[in-house]
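A.B. asks: got a sequence here, can you build the structure:
(2 chains)
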There are 2 protein chains.
Amino acid sequence: MDLTCRPVCFKMAYPGALKRLVEVLCRFPGIGPKSAQRLAFFILGCSREEVVAIARAMVEAKDKLDYCQICGSLSESGLCPYCSDTGRDQSLLCVIQEPRDVLVIERTGQYRGLYHVLHGVLSPLDGIGPDELHIDQLVRRIMEEKISEVIIATNPNVEGDATAGYLARMLKSHRVRVTRIAFGLPVGGDLEYADDLTLSRALDGRREM
Amino acid sequence: MDLTCRPVCFKMAYPGALKRLVEVLCRFPGIGPKSAQRLAFFILGCSREEVVAIARAMVEAKDKLDYCQICGSLSESGLCPYCSDTGRDQSLLCVIQEPRDVLVIERTGQYRGLYHVLHGVLSPLDGIGPDELHIDQLVRRIMEEKISEVIIATNPNVEGDATAGYLARMLKSHRVRVTRIAFGLPVGGDLEYADDLTLSRALDGRREM
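C.D. replies: Below you'll find the predicted structure:
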């Protein structure tokens, strides 16, 4: 990840250590110069012990966490809790883009199968083809494990859809059911505020009542 | 600053080190559980060197920065750059709530006087009275230094106004002019969108053209 690209202008006389801290915080996603300054002053307002605890939590997370050898999601030991949990449904495999998506799906409390993290999506313009993703490992798992259904849960955008289509075509030759999570109106939403694409997908995906 | 009060619920099976990191990041102002998770995954995506650099910038800032012995703003040495700059107007003193407000006023490029940081505002409900603020030091500076005007730039809210009123009454016995920064319509704003209080303050503060 690039920690040097975003230029940050500070015309005012920040003390050096504060300037460095603000510049470092600016590189976090979604944190602009103003938020970074706010975070920096929060850090300065903490006790030294608290600041050390924050710093240590970052380095420890980086040191302790690695990717699961089987599914590629985050794990503190060689295997993630999902792959090592024999109580989960070993016939269901949910394919996702990023390790964080595991947590999003787990939060529903509804899915009890296994995961496979692609670590990205097909994006020819960025030079990301099938070889850059964990697709070989996916195919190997489908051949070796007793998986009956592969649920593709890549994001509902151009790259996510293209990747889902690619996987569906590729897995046709294997004896697995390949499904895609449903797209439509978000629960609690309002027809009036739905965009055209979402609405047309909601119509396409209509079901018998 | 309290690093323990905000309860954060994580029902899902976060690996321990990730959970600790997300919990720590949640305590930053303006960072909720979702943003904290996003930041945590950003950190995990950085190289170890980059994570150590971020952690070090935090601890270094805390270690190196202290408050100026005279004005109470942030400083890397005993005196801040404003107090040690003899080229600044020594007769003007701007009173502000927090050290970060120095940077906000410096950004205008218009003010060339000195600062005094109160480190808070009067707030009886929170148990913050005059003794909890750097008001004694302010009075001492006004008596010892050659200050002719005190500009009170506390925030335009109940506590800020009350503090400004308190200071104005208290400084009446000293031979200084006490002023308050102007409140009114923000530049580039629109009458239609101004709230009633701002508009009535803009009317109160009207000036001859």
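
A.B. asks: can you tell me the helix or strand for the residue in chain A that chain B sits nearest to?
C.D. replies: Residue nearest to chain B within chain A (C-beta to the nearest C-beta): residue A:55, separated by 3.6 Å. Yep, even glycine has a C-beta here, placed from its N, CA and C like the rest. Per DSSP states H and E: residue A:55 is located in helix A:48-64.

A.B. asks: tell me the first helix or strand C-terminal of that helix.
C.D. replies: Assigned by DSSP H and E, the successor of helix A:48-64 is strand A:66-67.

A.B. asks: show me what that next one is packed against.
C.D. replies: Counting contacts by 3 or more C-beta pairs under 8 Å, 6 or more residues apart in numbering or on different chains; DSSP states H and E, strand A:66-67 packs against strand A:74-75.

A.B. asks: now do the phi/psi pair for the spatially most central residue of chain A.
C.D. replies: Centroid-nearest residue in chain A, with C-alpha atoms, centre = their mean: residue A:98, separated by 3.0 Å. Backbone torsions for residue A:98, taken as degrees, to the nearest 10, come to phi -130, psi 160.

A.B. asks: list the contacts for it?
C.D. replies: A:117, A:119-120, B:41 (C-beta atoms under 8 Å, 6 or more residues apart in numbering or on different chains).

A.B. asks: returning to that earlier point: I'd like the average pLDDT over the helix holding residue A:55.
C.D. replies: Helix A:48-64 comes out with an average pLDDT of 94.

A.B. asks: buried sites along it?
C.D. replies: Buried positions in helix A:48-64, judged by neighbour count with 16 or more other C-beta atoms under 10 Å in any protein chain shown: A:50-52, A:54-55, A:57-62, A:64.

A.B. asks: before we move on, what about stretch A:196-207?
C.D. replies: Using 16+ other C-beta under 10 Å as the test for burial, stretch A:196-207 gives A:198, A:201-202.

A.B. asks: same thing with stretch A:121-128?
C.D. replies: A:121-122, A:128.

A.B. asks: need those residues in TSV (columns: secondary structure, pLDDT and distance to chain B).
C.D. replies: Below are the buried residues of stretch A:121-128 laid out as TSV (DSSP: H, G, I helix; E, B strand; the rest coil; pLDDT from 0 to 100; distance: C-beta to the nearest C-beta, whole Å):
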residue	secondary structure	pLDDT	distance to chain B
A:121	coil	93	16
A:122	coil	94	19
A:128	strand	92	15
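
A.B. asks: relative to residue B:136, which of those residues is nearest.
C.D. replies: Closest approach to residue B:136 among the buried residues of stretch A:121-128 (C-beta to C-beta): residue A:121, at 61.7 Å.

A.B. asks: contacts only, for the closest one.
C.D. replies: Residues near residue A:121 by C-beta under 8 Å, 6+ apart: A:97, A:128, A:133, A:154-155, A:159-160, A:162-163.

A.B. asks: at 6 Å instead, please
C.D. replies: A:97, A:154, A:159-160, A:163 (C-beta atoms under 6 Å, 6 or more residues apart in numbering or on different chains).

A.B. asks: residue A:138 should be in a helix, yeah?
C.D. replies: Yes: Residue A:138 sits within a helix when classified using DSSP: H, G, I helix; E, B strand; the rest coil.

A.B. asks: next, count neighbours for residue A:28.
C.D. replies: Using other C-beta atoms under 10 Å in any protein chain shown, residue A:28 has 21 other residues around it.

A.B. asks: cool, residue A:103 as well?
C.D. replies: 19.

A.B. asks: next secondary structure after the host helix or strand of it?
C.D. replies: Applying DSSP H and E as the criterion places residue A:103 in helix A:100-107. Once the chain leaves helix A:100-107, the next helix or strand it forms, by DSSP H and E, is strand A:114-117.

A.B. asks: quick one: distance of that following strand to the chain centre.
C.D. replies: Averaging C-alpha positions (C-alpha atoms, centre = their mean, to the nearest Å) puts strand A:114-117 12 Å from its chain's average.

A.B. asks: direction included, what does that strand pair up with?
C.D. replies: strand A:92-96 (parallel) (DSSP bridges).

A.B. asks: any residues touching the strand it pairs with, and which ones?
C.D. replies: Residues beyond strand A:92-96 that count as contacts (C-beta under 6 Å, 6+ apart) turn out to be A:113-117, A:147, A:149-153.

A.B. asks: save those as a markdown table, and put in neighbour count, distance to residue B:107 and pLDDT too.
C.D. replies: As requested, the contacts of strand A:92-96 are exported to a markdown table (neighbours: other C-beta atoms under 10 Å in any protein chain shown; distance: C-beta to C-beta, whole Å; pLDDT from 0 to 100):
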| residue | neighbour count | distance to residue B:107 | pLDDT |
| --- | --- | --- | --- |
| A:113 | 18 | 54 | 94 |
| A:114 | 22 | 53 | 95 |
| A:115 | 26 | 48 | 95 |
| A:116 | 24 | 50 | 96 |
| A:117 | 25 | 44 | 96 |
| A:147 | 22 | 58 | 93 |
| A:149 | 14 | 58 | 93 |
| A:150 | 23 | 55 | 93 |
| A:151 | 19 | 51 | 93 |
| A:152 | 23 | 49 | 93 |
| A:153 | 19 | 46 | 92 |
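
A.B. asks: farthest-separated two in those residues?
C.D. replies: A:117 and A:149 (17.4 Å).

A.B. asks: on that earlier part again, columns distance to residue B:173 on top of the contacts of strand A:92-96, output as a markdown table?
C.D. replies: Shown next, in a markdown table, are the contacts of strand A:92-96 (distance: C-beta to C-beta, whole Å):
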| residue | distance to residue B:173 |
| --- | --- |
| A:113 | 77 |
| A:114 | 77 |
| A:115 | 72 |
| A:116 | 76 |
| A:117 | 70 |
| A:147 | 84 |
| A:149 | 82 |
| A:150 | 81 |
| A:151 | 77 |
| A:152 | 76 |
| A:153 | 71 |
